[in-house]
Every structure is written in C-alpha cells, then in structure tokens.
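Trainee: based on what follows, work out the 3D shape:
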Amino acid sequence: MTFLRSALLKGAMVAAVVGGTMVATAASADVACNRFHECWHVHDRLTYPTGLGIIFHGDTWHGRGYHWRRDRADHGYYRNGVWIGF
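Mentor: Residues are numbered from 1 along each chain as shown. Okay, the predicted model is just below:
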C-alpha cells in the first residue's frame, strides 16, 4: 500500500508541474505594434519586413494612443485595420 501511495503522489506532483508549465507557456504573449500604432498580441516574434516598422513589447505593455486589434492565431500583421496573413 505504501508503494501505491508513493507512486500516486509522485504522479500527481509530475502532473502539477507539467500542467503549470503548459499554462505559463500558453499565457505568455508579446505585443507587436506597427508604425501606424496598431497593436496585437503575438505568440512568436516573427521576422517581419523592415518597412513595416513592427516593434515588440512585453506582454504587460499597454500603450496609450494605440489601436488594439483582434488577436490572431495565424501569422501576419495589420495594415490600416486589415489583417495581412503570410
């Protein structure tokens, strides 16, 4: 019985650590903004063409005077309120 209890306790601890890591990873997102002050959340810092003027901020950044756009799961950027996917 002690072996079973020990195994269950170890399994629960591993599950808690893995679950916490997954939640922390999924919750982290940076903010990308273009030169026209349009911002959205991104999960990876992609390489954007330099002419777009994309800059990145940490996920806690809240710029005033910026237009917040809908977050997207696909790759791309906003230009004049329109999503351009790539």
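Trainee: after the helix or strand bottoming out on mean pLDDT in the chain, which helix or strand is next?
Mentor: In the chain, the helix or strand scored least confidently by mean pLDDT, DSSP states H and E is helix 2-27, which has a mean of 51. The helix or strand immediately downstream of helix 2-27 is strand 30-33, counting by DSSP states H and E.
Trainee: what does that following strand contact?
Mentor: By CB atoms under 8 Å, 6 or more residues apart in numbering, the surrounding residues in contact with strand 30-33 are 39-43, 45, 48, 54-59, 61, 63, 66, 77. Heads up, the C-betas are built off the backbone N, CA and C, glycines and all.
Trainee: again with stretch 34-53
Mentor: 28-33, 54, 56-57, 59, 63, 65-72, 75, 77-81.
Trainee: what's residue 52 sitting at in phi/psi?
Mentor: phi -80, psi -20 (degrees, to the nearest 10).
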